[in-house]
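Peer 1: Sequence and computational prediction follow.
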Amino acid sequence: EVQLVESGGGLVQAGGSLRLSCAASGFTFNDYAIGWLRQAPGKEREGVSCISSSDGSTYYADSVKGRFTISSDNAKNTVYLQMNSLKPEDTAVYYCAAGLVCGHPDYWGQGTQVTVSS
């Protein structure tokens, strides 16, 4: 059974930091790209960042470049999203997703809430 389990969300003040984790199981981790997407109330879901587990290549949305860093621990089948300098507009439910390529997820996690207060 494929599982993507997110953790690390919470409430933080603007300018603060959070680290999200996505623990993956049930598929060959190195064959997949793992990404983070987010959805704020009343808005469409948007891609935030993605990493290829095979070669480590990364993608960031323009809105998070320079503030967020994605990384992968292949030994633990876990992907992290370090979020610094958080802004109120980063408030959303953050989802971990896995697919053969970034931008085309096949599997989804349940999501974790991130709330940034001003």
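Peer 2: Looks like it arrived, so ask away.
Peer 1: State the helix or strand in which the closest residue to residue 82 other than its chain neighbours lies.
Peer 2: Nearest non-adjacent residue to residue 82, counting by Cβ to Cβ, 6 or more residues apart in numbering: residue 69, 4.5 Å away. For every residue, glycine as well, the C-beta is placed using N, CA and C. Here residue 69, judged by DSSP states H and E, is contained in strand 68-73.
Peer 1: That strand: how far from the chain's middle?
Peer 2: 9 Å (Cα atoms, centre = their mean, to the nearest Å).
Peer 1: Now do the following helix or strand past that strand and strand 68-73, the angle between them.
Peer 2: Next along the chain after strand 68-73, taking DSSP H and E as the criterion, comes strand 78-83. Orientation check (axes from the mean of the first three to the mean of the last three Cα atoms, to 10 degrees): strand 78-83 against strand 68-73 gives 160 degrees.
Peer 1: ok, residues contacting the helix or strand just after strand 78-83?
Peer 2: Later in the chain than strand 78-83, the nearest helix or strand by DSSP H and E is strand 92-99. With contacts defined as Cβ atoms under 8 Å, 6 or more residues apart in numbering, strand 92-99 is touched by 2, 4-6, 9, 20, 22, 24, 27, 32-40, 43, 45, 48, 79, 81, 105-114.
Peer 1: if I pick the residue nearest to the spatial centre of the chain, what's in contact with it?
Peer 2: Centroid-nearest residue in the chain: residue 36, 2.7 Å away (criterion: Cα atoms, centre = their mean). Taking Cβ under 8 Å, 6+ apart, we find residue 36 in contact with 20, 22, 47-50, 70, 79, 81, 94-97.
Peer 1: for the residues you listed, which one is nearest residue 60?
Peer 2: Distance to residue 60 across the contacts of residue 36 (Cβ to Cβ) is lowest for residue 49, with 5.0 Å.
Peer 1: Against residue 117, how distant is that closest one?
Peer 2: Noted for residue 49: a distance of 23 Å to residue 117, by Cβ to Cβ, to the nearest Å.
Peer 1: cool, residue 80 as well?
Peer 2: Counting by Cβ to Cβ - residue 80 and residue 117 are separated by 23 Å.
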